[in-house]
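> Dropping the sequence and predicted coords here.
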Amino acid sequence: MEVYRTPDERFEGLPGYAWEPNYTEIDGLRIHYLDEGQGDPVLLLHGEPTWSFLYRKLIPALSGVGRVVAPDYAGFGRSDKPTERGWYTHDRHFEVLERFVEQLDLRRVTAVVHDWGGPLGFRLAVEHPERIARLVVLNTGIYSGRPPGEAWMQFRAFVRRLDTDFQPGQLIRITCPTELTDEVVAGYDAPWPTPESKAGVLMFPELVPDSDEHPSAAKMLEVREGLKTWPGRALVLWGDSDPVFSPRVGERFAELIPGAEPSEVIEGGGHFLQEDRGEVVGERIARWLSA
């Protein structure tokens, strides 16, 4: 298996992201994570097309109330990147995450899930309730038996059309209702400087089911059903300006999970509400964990 490792200099001087890197090895891959603060773990799970840089505005508040652990999936951030697109599947991403949590022996975890972090984090909670005690749900989704909406289908077509010309930072810039600086956009682009580095970020849209026959569909439906009896607590926070996942989706998650509080809408937050309203979201989660 060929693997691309992003040069360290790509991550120097990123705005608001000065934490020391930590690494563990899983199946021959070097997996990067941030590890800040003390107490029960707060596991920050990113989505597409981001990495732990997305959570930089939340970490100061959260590291004051717990141990913040923010991994980059294989193919993302400072983690190693298999260059073969067929390597990337829902199951393989989950297996790496599962091994990561086991290696660090994380327990009494609050999993903060966003975008693709939802299907992965929900599965972790359903299959390992002995480790995951709380969920914070941010602008995400999981297959329900219906195909994705038109806005999401347009996004997948957009990524397919650009292929290795895809620039994650530019997508985030045009999606966020707030204005991003060039330095922030460069931070989102930092992990993927070459065509071969982009296999993971190009494959995530292909792993979202668009029918029951999709390879990811059966497991996602199983996990969705499992959330109906999951015993933990949940906080649902939703950006009000998400073109893909409307606030109604957040309300449905709050209705689905028995221990969830009513969904809260964050004004001025788009799909990447950690970027638009990161400090507000971080402080709200910290208050919830401290209550």
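Good, I have the coordinates.
> And the residue sitting nearest the centre point of the chain, how far from residue 248?
Against the mean C-alpha coordinate of the chain, by CA atoms, centre = their mean, the closest residue is residue 46 at 1.9 Å. Remark: distance between residue 46 and residue 248 (CB to CB, to the nearest Å) = 24 Å. C-beta coordinates here come from the backbone N, C-alpha and C atoms, glycine included.
> now residue 167
From residue 167 to residue 248 the distance is 31 Å (CB to CB).
> neighbour count winner among the two?
residue 167 (15 against 9; other CB atoms under 10 Å).
> list the contacts for the more buried one?
Counting by CB atoms under 8 Å, 6 or more residues apart in numbering, residue 167 touches residue 189.
> For the nearest residue to residue 116 once chain neighbours are set aside, the count of nearby residues, please.
Nearest in space to residue 116, with sequence neighbours left out and distances taken as CB to CB, 6 or more residues apart in numbering, is residue 47 at 4.0 Å. Here the count is done by other CB under 10 Å, and residue 47 has 24 residues near it.
> Residue 47 touches residue 119, doesn't it?
No - using CB atoms under 8 Å as the test, residue 47 is too far from residue 119 to be in contact (9.3 Å).
> Start and end of stretch 155-173, how far apart?
Length of stretch 155-173, first residue to last, CA to CA, to the nearest Å: 14 Å.
> Could I get the buried residue list for it?
Using 16 or more other CB atoms under 10 Å as the test for burial, stretch 155-173 gives 155, 159, 166, 168-169, 171-173.
> OK, contacts around residue 261?
So residue 261 contacts 233-236, 254 (CB under 8 Å, 6+ apart).
> Just among the residues you listed, which is most surrounded?
Busiest of the contacts of residue 261 [other CB under 10 Å] is residue 236, holding 26 neighbours.
> Can you name every helix or strand that the helix or strand hosting that one contacts?
Using DSSP states H and E, residue 236 sits in strand 233-239. If you count contacts as 3 or more CB pairs under 8 Å, 6 or more residues apart in numbering; DSSP states H and E, strand 233-239 packs onto strand 132-140, helix 247-256, strand 264-266, helix 273-290.
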